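Undergrad: fold the following and give me the result.
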Amino acid sequence: MTPSAAACPPQWDRQSLERSRTEAIEVFIEERAAEGGERYRTVLAERIEVVTRLFAATDDLRDLGSGNALSDQAGLIEAARYLGGPPVSADDLDTLAETSIATRRGLPPDLARKAASVISTGLDQDRFPWLFAVPQRAPTAPERYTAIRWTAGLMAVQRVQTERRNTSAVRQQAKVRGVLRDAGFVEVRNRKINVVGDLARGEYCVGEVIVADTKYDVPVGLHNGRLLLIECKVSNSGTNSVKRLNREVGGKAGHWREAFGQQACPAAVLSGVFKLKNLEDAQDGGVAILWEHDLSSLASFLRLAV
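TA: Numbering: from 1, shown residues only. You can find the predicted model right below:
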């Protein structure tokens with residue numbers, strides 16, 4: 001961290017970024033190795049049960065288009081979304097159906113038919129060959145076995161990845177919260193922050209706070225009167241780091257500089273895998289880089305920002 005950083009978050013040279021980036025990857029690998037596949041196997045078993053119910057309720061998907069199963073058992077709609085190649089996201093289903101469907105607990109018959117129609121147009125021919133046979137036929141036992149587990153596997157991977165991101169975000173926020181408390185900052189209830197004074201000096205909020213009409217993880221009222229705006233991000237690949245850091249955090253940083261000018265100090269607490277170029281680009285764009293595995297630089301900055 002440069003000595004002149006008393007009013008600004010830390011800035012790192014290329015060697016420092018590379019060293020911290022490498023350390024973060026090593027921590028990420030250790031965590032994944034320790035985690036093992038137990039959670040995935042548990043989720044997979046749960047999803048196999050759900051997909052099996054979907055097959056039973058739709059005569060091995062041959063009656064999917066009627067929508068009856070989705071109307072009678074709306075909880076099956078998530079499994080049905082994964083029948084596509086590729087699967088249909090919840091947002092895409094709502095858009096294509098022109099109404100909110102994906103997260104509803106119950107569907108009236110007309111919406112169930114609409115959801116089934118959208119999903120049926122994208123069914124995976126390789127996974128469900130019996131549906132595309134002429135004439136259409138019942139699946140063989142091996143075809144049914146493979147298709148159920150293939151579909152359940154897609155669902156399980158998505159769920160475990162989502163859980164990992166959520167768990168990592170909670171962990172990162174907890175560590176940031178600890179550093180702030182140790183520095184004497186006081187956590188206050190979430191509130192909309194439209195001007196710097198909406199968060200007093202020495203205060204912070206945690207958990208998707210609305211700052212200038214955009215969600216942020218941890219806004220902090222610094223003792224020097226500025227706003228430190230911290231986003232917590234985890235990435236499982238260098239490719240993903242573009243989205244997590246440059247697009248999500250970098251995009252917000254520009255928005256807050258427009259709203260608060262030099263009073264805003266955007267920062268990102270990172271863990272996982274990030275490309276060096278993405279880190280440099282984010283920093284050049286005004287985003288301070290902090291690392292979950294070593295938040296001493298955040299603690300040092302908090303002491304200087306007075």
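Undergrad: low-confidence ranges in the stretch 201-306 of the chain?
TA: For the stretch 201-306 of the chain, applying pLDDT under 70 flags no range at all.
Undergrad: would you map the strands across it?
TA: 203-204, 209-211, 214-216, 218-221, 227-236, 264-273, 288-291 (DSSP state E, counting those that start in this stretch).
Undergrad: just checking, what packs against the first one?
TA: Contacting strand 203-204 under the criterion 3 or more C-beta pairs under 8 Å, 6 or more residues apart in numbering; DSSP states H and E are the following elements: strand 186-187, strand 218-221. All C-beta atoms are positioned from the backbone trio N, CA, C, and that covers glycine.
Undergrad: which residues touch the residue lying closest to residue 81 once chain neighbours are set aside?
TA: Among residues not flanking residue 81 along the chain, residue 88 sits closest, at 4.7 Å (C-beta to C-beta, 6 or more residues apart in numbering). Residues in contact with residue 88 (C-beta atoms under 8 Å, 6 or more residues apart in numbering) are 81, 96, 118, 119, 122.
Undergrad: what's the most distant pair in those?
TA: Pairwise distances across these peak at 11.0 Å for 81 and 96 (criterion: C-beta to C-beta).
Undergrad: need the strands of the stretch 201-306 of the chain in JSON lines (columns: mean neighbour count and distance to residue 71).
TA: As requested, these are arranged in JSON lines below (neighbours: other C-beta atoms under 10 Å; distance: least, C-beta to C-beta, whole Å):
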{"stretch": "strand 203-204", "mean neighbour count": "21", "distance to residue 71": "47"}
{"stretch": "strand 209-211", "mean neighbour count": "20", "distance to residue 71": "37"}
{"stretch": "strand 214-216", "mean neighbour count": "15", "distance to residue 71": "35"}
{"stretch": "strand 218-221", "mean neighbour count": "24", "distance to residue 71": "43"}
{"stretch": "strand 227-236", "mean neighbour count": "24", "distance to residue 71": "37"}
{"stretch": "strand 264-273", "mean neighbour count": "24", "distance to residue 71": "41"}
{"stretch": "strand 288-291", "mean neighbour count": "24", "distance to residue 71": "49"}
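Undergrad: with residue 256 as the reference, name the closest of those strands.
TA: Across those, closest to residue 256 is strand 264-273 (C-beta to C-beta), at 4.2 Å.
Undergrad: strand partners of the closest one, parallel vs antiparallel please.
TA: With DSSP bridges as the test, strand 264-273 is paired with strand 227-236 (parallel), strand 288-291 (parallel).
Undergrad: with only the CA atoms kept, save that strand in PDB.
TA: Only the C-alpha atoms of strand 264-273 are listed here, as PDB (Å, rounded to 0.1, in the frame of the first residue of the first chain):
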ATOM      1  CA  ALA A 264     -17.000   7.400  -3.000                       C
ATOM      2  CA  CYS A 265     -14.300   4.800  -2.500                       C
ATOM      3  CA  PRO A 266     -15.300   1.600  -4.300                       C
ATOM      4  CA  ALA A 267     -13.500  -1.600  -3.100                       C
ATOM      5  CA  ALA A 268     -13.800  -5.400  -3.600                       C
ATOM      6  CA  VAL A 269     -13.000  -8.100  -1.100                       C
ATOM      7  CA  LEU A 270     -12.000 -11.100  -3.300                       C
ATOM      8  CA  SER A 271     -11.500 -14.800  -2.800                       C
ATOM      9  CA  GLY A 272     -10.900 -17.600  -5.300                       C
ATOM     10  CA  VAL A 273      -9.500 -17.300  -8.900                       C
END
